[in-house]
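Q: sharing a model prediction with you, sequence too.
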Amino acid sequence: MRINIDVDPSLEQDMITIHCKEITDEILELQRLLSNQASGGQKISAFMDDTEYYLDLKSIIFMEADGNYISIHTGKEIYRTRQKLYELEEMLPRDFLRVSKSTIVNTTMISSIKKNITGASEVAFKNSVKKAYASRNYIKALLEIMEEKRLKR
């Protein structure tokens, strides 16, 4: 494997591109490590009562619109932010996916999806009793992402 670093001051943000002959387990592992590194240090500001917290993205299981706020769910707690769901969606890494008009989930935290062809599918999370719901309009994209993650393992 050969590694090149090209410095380009005109870039607005850093970009990593992997060129390979074929996708191997080694390449997939490299992609996973780079993705984890890129999102590992990212935090989001949220409130509980009058206290502001800085949450690691990997601790968030899902976010949902709740009136004028967005509720941010971790395994045990619920925090709030005034940011808009679409603003959060734009800033979050690829592991976060919108699954309904009012919900974004952390796909790395999903333990199961109970499909419902007539309504919203139930999404369960690791180490939590909390559930979110994926609407029919978004379930296909969620299932594709989960299949992609399954194949990478």
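A: Looks like it came in fine.
Q: report how many residues lie close to the closest residue to Lys76 other than its chain neighbours.
A: Once flanking residues are discounted, Lys76 sits nearest to Ser128: 7.6 Å by C-beta to C-beta, 6 or more residues apart in numbering. Every C-beta, even on glycine, is put in place using the N, C-alpha and C of the backbone. Number of residues near Ser128 (other C-beta atoms under 10 Å) recorded here: 15.
Q: would you point out which residue is most central in this protein?
A: Phe96 (1.8 Å; C-alpha atoms, centre = their mean).
Q: which residues touch that one?
A: 57, 60, 88-89, 104-107 (C-beta atoms under 8 Å, 6 or more residues apart in numbering).
Q: and for Thr74?
A: Thr74 neighbours (C-beta under 8 Å, 6+ apart): 55, 59-61.
Q: got JSON lines for the residues you listed, with secondary structure, distance to Ala124 and pLDDT too?
A: Output for these, formatted as JSON lines (DSSP: H, G, I helix; E, B strand; the rest coil; distance: C-beta to C-beta, whole Å; pLDDT from 0 to 100):
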{"residue": "Leu55", "secondary structure": "strand", "distance to Ala124": "21", "pLDDT": "92"}
{"residue": "Ser59", "secondary structure": "helix", "distance to Ala124": "17", "pLDDT": "92"}
{"residue": "Ile60", "secondary structure": "strand", "distance to Ala124": "16", "pLDDT": "94"}
{"residue": "Ile61", "secondary structure": "strand", "distance to Ala124": "10", "pLDDT": "96"}
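Q: now Gln31, what's its secondary structure?
A: helix (DSSP: H, G, I helix; E, B strand; the rest coil).
Q: surely it touches Ile16?
A: No. Counting by C-beta atoms under 8 Å, Gln31 does not reach Ile16; the two are 9.1 Å apart.
Q: ok, the two, which is more surrounded?
A: Each of Gln31 and Ile16 has its neighbours counted (other C-beta under 10 Å); Gln31 has more, 15 against 11.
Q: once you drop chain neighbours, what's closest to the more buried one?
A: Ile18 (6.6 Å).
Q: how near is that neighbour to Ala120?
A: 36 Å (C-beta to C-beta, to the nearest Å).
Q: of the two, which one has the most company?
A: Ala120 (17 against 10).
Q: nearest spatial neighbour of that one, chain-adjacent residues omitted?
A: Ala120 sits nearest to Tyr133 (C-beta to C-beta, 6+ apart), 3.8 Å away.
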